[in-house]
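Q: Quick one, structure for this:
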Amino acid sequence: MRTIKAFAAIAAMIFMAACSSNEQQAAAPATTTVTPGSVADFRQNVGDRVFFDTDMSVIRPDGRETLNRQAEWLKKYTNYPITIEGHCDERGTREYNLALGERRANAASQYLIAQGIPAARIKTISFGKENPDPPGSDEGAWARNRRDVTALQ
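A: Numbers count the residues shown, from 1 in each chain. Predicted coordinates:
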């Protein structure tokens with residue numbers, strides 16, 4: 001009788017361990033890998049956005065770090081021309097924001113050129129306040145919209 005109880009206890013522990021192991025595997029997040037040199041690699045591992053202070057087109061230190069990573073990646077993967085999109089928050093006139101977006105895009109372009117990226121690979125465009133991401137009328141949304149986006153072509 002003791003043997004049967006011991007056997008049943010061992011079987012129950014094995015069963016619980018197996019269930020526990022399966023739960024942990026099911027709960028583990030799926031990992032996604034990106035192909036080196038792909039658009040996803042650029043966005044996720046390098047960063048495609050540079051942010052600016054209000055009414056400014058001067059590249060901040062965090063923006064220089066992003067642009068340095070972009071320059072290194074673009075030197076390694078020379079098959080991509082890029083477009084730098086200048087964006088602004090919703091405040092200000094359409095004309096003012098188009099001009100500010102252009103200055104921001106040009107600042108990033110000039111920085112990348114100074115890092116050795118050929119000017120022929122770079123196009124700039126200003127969207128001003130026309131493409132908010134995210135839309136919103138608060139400081140959080142405005143801060144996210146004062147940006148350049150480097151798009152691979």
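Q: Would you mind pulling the contact partners of the helix or strand harbouring Ser126?
A: Assigned by DSSP states H and E, Ser126 falls within strand 122-128. Residues outside strand 122-128 that contact it (CB atoms under 8 Å, 6 or more residues apart in numbering): 81-88, 94, 97-102, 104-106, 108-109, 112-113, 153. In short, each C-beta sits where N, CA and C put it, glycine included.
Q: now, which of the residues you listed lie within helices?
A: 94, 97-102, 104-106, 108-109, 112-113 (DSSP state H).
Q: Would you list the buried entries among these?
A: Listed as buried from the ones in helices among the contacts of strand 122-128 are 97-102, 104-106, 108-109, 112; burial here means 16 or more other CB atoms under 10 Å.
Q: which residues sit in contact with Gln110?
A: If you count contacts by CB under 8 Å, 6+ apart, Gln110 has none.
Q: Sorry, slip of the keys, the one I care about is Leu67.
A: Counting by CB under 8 Å, 6+ apart, the residues that Leu67 touches are 50, 59, 108, 111-112, 115.
Q: those strands in the protein, which residues are they?
A: 49-51, 82-87, 122-128, 147-152 (DSSP state E).
Q: now the first one, how far from the centre of its chain.
A: Right, the one you point to is strand 49-51. From the chain centre to the centre of strand 49-51 is a distance of 9 Å (CA atoms, centre = their mean, to the nearest Å).
Q: Which other helices and strands does it contact?
A: Here strand 49-51 touches helix 61-76, strand 147-152, going by 3 or more CB pairs under 8 Å, 6 or more residues apart in numbering; DSSP states H and E.
Q: and the ones you listed, which is most packed in?
A: Mean neighbour count, computed with mean count of other CB atoms under 10 Å, is highest for strand 147-152 among these, reaching a mean of 22.
Q: got the contact list for that one?
A: So strand 147-152 is contacted by 39, 42, 48-52, 63, 70, 80-87, 104-105, 107-108 (CB under 8 Å, 6+ apart).
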